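S.K.: Below are the sequence and a predicted model; questions follow.
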Amino acid sequence: MLAFVPLSFLALFFAYPVASLLGIGFGEGSPGKLLASPGVRHVLWFTVWQAVASTVLTVLIALPGAAMLARYRLPGRALLKALVIVPFVLPTVVVGAAFLALIGPDGLLGVELDRTVWAILAAHVFFNYAVVVRLVGGVWAQLDRRQEEAARVLGASRLAAFRRVTLPALRPAIAAAASVVFLFTFTSFGIVQILGGPEYATLEVEIYRRTVYQLDLSGAAVLSLVQFAAVAVLLAVDGLLTGRRRAARLAEPTPRPPRGWGEWTFVGINLVVLVGLLLIPLAVLVERSFATADGYGLTYWRALGHADASSALPVPAWETVLTSLRYAVAATVIAVVVGVCAAVVLARPGRLTGPFGLLLMLPLGTSAVTVGFGFLIALDEPPLDLRDSALLVPCAQALVAVPFVVRAVLPVLRAIDDRLREAAAVLGAPPLQVWWRVDAPLIWRPLAAAAGFAFAISLGEFGATVFIARGDSPTIPVAISQLLGRPGAINSGQAMALATILMVVCAATLITLDRLRPSNAGGEL
């Protein structure tokens with residue numbers, strides 16, 4: 001009965017829209033001819049190549065940061081961990097705008113690198129840095145230090161102790177983080193669209209171009225199916241690696257202050273990387289929201305309060321903040337209900353838990369363009385005419401947030417000793433009361449953290465929302481995209497101001513949830 005809730009949600013708001021779009025598309029053309037064309041083969045090659053390169057760079061750059069935040073107790077550590085994950089929940093259009101402000105034609109650094117693959121790779125590292133820090137850092141924090149110290153006592157150098165003791169324990173988590181980063185870069189859209197220009201296109205960008213500009217539903221359907229199959233394989237691999245990495249959690253996290261000049265130098269280098277890679281692009285958003293032709297001021301912020309004939313938005317930009325908050329709250333409630341039901345089902349061993357878990361993760365990697373356009377096609381006529389429903393946008397946002405709720409709650413449910421439930425049942429408690437008295441008190445902290453993360457994810461969702469948000473009720477990411485698409489300093493300045501608001505709200509939410517996140521959930525996003 002509990003499985004009915006997530007299965008119904010996925011069937012109505014994922015499987016049905018996607019199947020409707022694919023059905024229309026495949027009825028209009030030949031898949032083999034499209035896949036054999038040189039242009040599509042180039043898109044496939046570039047999609048895989050840039051995903052591999054982005055994954056390798058992200059892992060190499062983020063591993064030292066994961067070690068620093070996992071092993072050392074630093075002033076402002078909670079703030080640092082929140083700032084690390086803020087780029088991950090920002091809309092990709094905001095990430096692209098931030099890098100344009102840095103390396104675009106009028107960029108702050110004075111180096112024009114947009115329309116190059118280097119800009120794409122740098123933005124991908126910026127966006128996915130948090131994935132490695134959270135997944136690998138959570139395991140690293142719980143490794144028993146005494147094993148590495150024993151190797152040092154026996155004569156191993158620091159590097160040898162890391163290579164022979166720590167690295168083997170971290171290898172499953174590193175592989176799992178790499179698979180997640182590859183998944184996100186393989187399906188990259190906003191970053192490639194803004195920074196790559198017409199010269200570069202991933203599968204996601206090509207699907208968008210064929211759907212919106214060329215109205216080639218057949219080609220878009222074929223490419224969506226290719227992407228869908230690739231994502232299914234990636235998620236299956238990630239599921240295997242996720243199961244393996246739990247065995248490396250050996251002790252409670254015990255961060256300590258750095259000791260000696262070597263450790264302080266290591267911390268200092270990583271802080272420089274954090275500032276250069278993460279904080280400078282975020283700071284540019286804030287700086288550009290105040291920088292006007294006449295110097296620094298509040299011109300763009302004041303413009304958020306009104307809309308006139310020259311405005312790119314039909315409503316004052318401040319209203320998009322309130323709209324986004326309402327949608328995000330509704331999406332969080334939906335994601336928590338669906339995610340908890342799914343986690344309870346997955347926590348019980350069974351032959352169908354593997355396919356069920358894979359099904360829950362598929363929306364995370366499926367083309368957001370496919371999902372959003374599928375909503376327009378499938379949910380616009382009776383008996384499922386939901387185009388004017390206030391719940392349509394929250395449901396699309398919840399699709400992305402549900403997997404994160406499941407990943408946060410499921411490890412805790414699996415860790416509960418089943419004998420506690422059996423004892424409650426023997427004492428006469430019915431199943432619902434057993435869950436309320438035994439499971440609920442143990443999962444409320446990770447559930448609260450999951451709700452906070454779902455809220456932040458919902459605030460930043462862009463790919464599907466841009467298709468289904470009503471013209472008079474745009475969300476912050478949709479409004480930013482519309483403002484950036486119109487020339488004029490006032491529009492660009494308002495976009496930077498809205499991006500700053502979104503960044504601050506996400507950071508505050510993430511700092512709060514980090515205090516709620518229990519130590520045994522360290523490896524989960």
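M.R.: Noted; the coordinates are in hand. Numbering: from 1, shown residues only.

S.K.: Please name the residues that touch residue 500.
M.R.: 285, 286, 289 (Cβ atoms under 8 Å, 6 or more residues apart in numbering). Where you see a C-beta, it was placed from the backbone N, CA and C, and this is true even at glycine.

S.K.: If any of the residues you listed are buried, put those into a ChimeraX selection.
M.R.: ChimeraX command restricting those to the buried ones, with burial defined by 16 or more other Cβ atoms under 10 Å:
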select :285,289
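
S.K.: Now render the contacts of residue 500 as CSV, adding distance to residue 199.
M.R.: Listed next are the contacts of residue 500 as CSV, based on distance: Cβ to Cβ, whole Å:
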residue, distance to residue 199
285, 26
286, 31
289, 30
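
S.K.: Among the contacts of residue 500, which are located in helices?
M.R.: 285, 286, 289 (DSSP state H).

S.K.: residues in contact with residue 400?
M.R.: Contacts here follow Cβ under 8 Å, 6+ apart; on that basis residue 400 touches 363, 364, 457, 458, 461, 464.

S.K.: cutoff 10 Å now
M.R.: For residue 400, the residues meeting the contact criterion (Cβ atoms under 10 Å, 6 or more residues apart in numbering) are 331, 335, 363-364, 366, 368, 371, 454, 457-458, 460-461, 463-465.

S.K.: What of residue 476?
M.R.: For residue 476, the contact set (Cβ under 10 Å, 6+ apart) comprises 91, 94, 317, 320-321, 323-325, 327-328, 459-460, 462, 465, 495, 498-499, 501-502, 505.

S.K.: at 8 Å instead, please
M.R.: 91, 320, 321, 324, 459, 498, 501, 502.

S.K.: Quick check, pLDDT for the second one.
M.R.: Right, residue 320. Residue 320 is assigned 87 on the pLDDT scale.

S.K.: same deal with the last one?
M.R.: In the prediction, the pLDDT value recorded for residue 502 is 85.

S.K.: Could I get the phi/psi values of residue 430?
M.R.: Listed backbone geometry of residue 430 is phi -70, psi 170, with angles given as degrees, to the nearest 10.

S.K.: Ok, residue 123 next?
M.R.: When read as degrees, to the nearest 10, the backbone of residue 123 gives phi -70, psi -40.

S.K.: Grab the nearest non-local neighbour of residue 197.
M.R.: residue 115 (4.3 Å; Cβ to Cβ, 6 or more residues apart in numbering).

S.K.: How many neighbouring residues does that neighbour have?
M.R.: As a burial measure, the neighbour count of residue 115 was computed by other Cβ atoms under 10 Å and equals 15.

S.K.: and which of the contacts of residue 476 is nearest to residue 199?
M.R.: Checking those against residue 199 by Cβ to Cβ gives residue 91 as the nearest, at 22.9 Å.

S.K.: Could you check how far that closest one is from residue 170?
M.R.: The gap separating residue 91 from residue 170 is 31 Å, by Cβ to Cβ, to the nearest Å.

S.K.: Among the contacts of residue 400, name the buried ones.
M.R.: Using 16+ other Cβ under 10 Å as the threshold, 331, 335, 363-364, 366, 368, 371, 454, 457-458, 460-461, 463-465 are the buried ones among the contacts of residue 400.

S.K.: Looking at these, which has the smallest pLDDT value?
M.R.: Comparing pLDDT over the buried ones among the contacts of residue 400, the lowest score belongs to residue 364 (71).

S.K.: That one contacts residue 405, doesn't it?
M.R.: No - shown here, residue 364 and residue 405 do not form a contact pair, counting by Cβ atoms under 8 Å, at 11.7 Å.

S.K.: Residue 392 reaches residue 467, doesn't it?
M.R.: No - taking Cβ under 8 Å as the definition, residue 392 is not a contact partner of residue 467, at 10.2 Å.

S.K.: Which residues are in contact with each of the two?
M.R.: Residues touching both residue 392 and residue 467 (Cβ under 8 Å, 6+ apart): residue 375.

S.K.: show me where this structure has strands.
M.R.: Under the criterion DSSP state E, the chain carries strands at the ranges 291-292, 295-296.

S.K.: can you list the weak-confidence ranges in the stretch 351-500 of the chain?
M.R.: In the predicted model of the stretch 351-500 of the chain, residues 351-354, 365, 367, 382-383 satisfy pLDDT under 70.

S.K.: could you pull out the helices for it?
M.R.: All helices of the stretch 351-500 of the chain, identified by DSSP state H, counting those that start in this stretch, fall at 353-365, 368-378, 392-415, 418-426, 431-434, 440-460, 465-468, 476-484, 489-516.

S.K.: Can I get the ones you listed in CSV including distance to residue 265?
M.R.: Compiled in CSV, the helices of the stretch 351-500 of the chain are given as follows (distance: least, Cβ to Cβ, whole Å):
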stretch, distance to residue 265
helix 353-365, 38
helix 368-378, 42
helix 392-415, 35
helix 418-426, 47
helix 431-434, 53
helix 440-460, 33
helix 465-468, 44
helix 476-484, 39
helix 489-516, 27
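
S.K.: From residue 259, how far out is residue 143?
M.R.: In this structure, residue 143 and residue 259 are 18 Å apart, going by Cβ to Cβ.

S.K.: Looking at these two, which has the bigger crowd around it?
M.R.: Shown here are residue 143 and residue 259; by other Cβ under 10 Å, residue 143 has more neighbours (20 against 9).

S.K.: And the pLDDT at the more buried one?
M.R.: Note for residue 143: predicted pLDDT of 74.

S.K.: what does residue 53 give?
M.R.: Model confidence at residue 53, expressed as pLDDT, equals 94.

S.K.: Would you confirm that it contacts residue 121?
M.R.: Yes - counting by Cβ under 8 Å, residue 53 sits close enough to residue 121 to count as a contact (5.9 Å).

S.K.: Settle it for me: which of the two has more neighbours?
M.R.: Counted by other Cβ under 10 Å, residue 53 and residue 121 do not tie: residue 121 has more neighbours, with 19 against 16.

S.K.: quick one: contacts for that one?
M.R.: 50, 53, 54, 57.

S.K.: if we can go back for a sec, out of the strands of the chain, which one sits most buried?
M.R.: Using mean count of other Cβ atoms under 10 Å, the stretch among those with the greatest mean number of neighbours is strand 291-292 (a mean of 17).

S.K.: can you give me the offset of that one from its chain's centre?
M.R.: Between the centre of strand 291-292 and the centre of its chain there are 31 Å (Cα atoms, centre = their mean, to the nearest Å).

S.K.: Within its sheet, name the partner strands of it and how each one runs.
M.R.: Using DSSP bridges, the neighbouring strands of strand 291-292 in the sheet come out as strand 295-296 (antiparallel).

S.K.: show me where the stretch 201-350 of the chain has helices.
M.R.: For the stretch 201-350 of the chain, applying DSSP H, counting those that start in this stretch gives helices covering 203-208, 217-245, 260-274, 280-290, 299-303, 317-347.

S.K.: Can you tell me which of those is nearest to residue 102?
M.R.: Between residue 102 and the helices of the stretch 201-350 of the chain, the shortest separation by Cβ to Cβ is 5.7 Å, and it involves helix 280-290.
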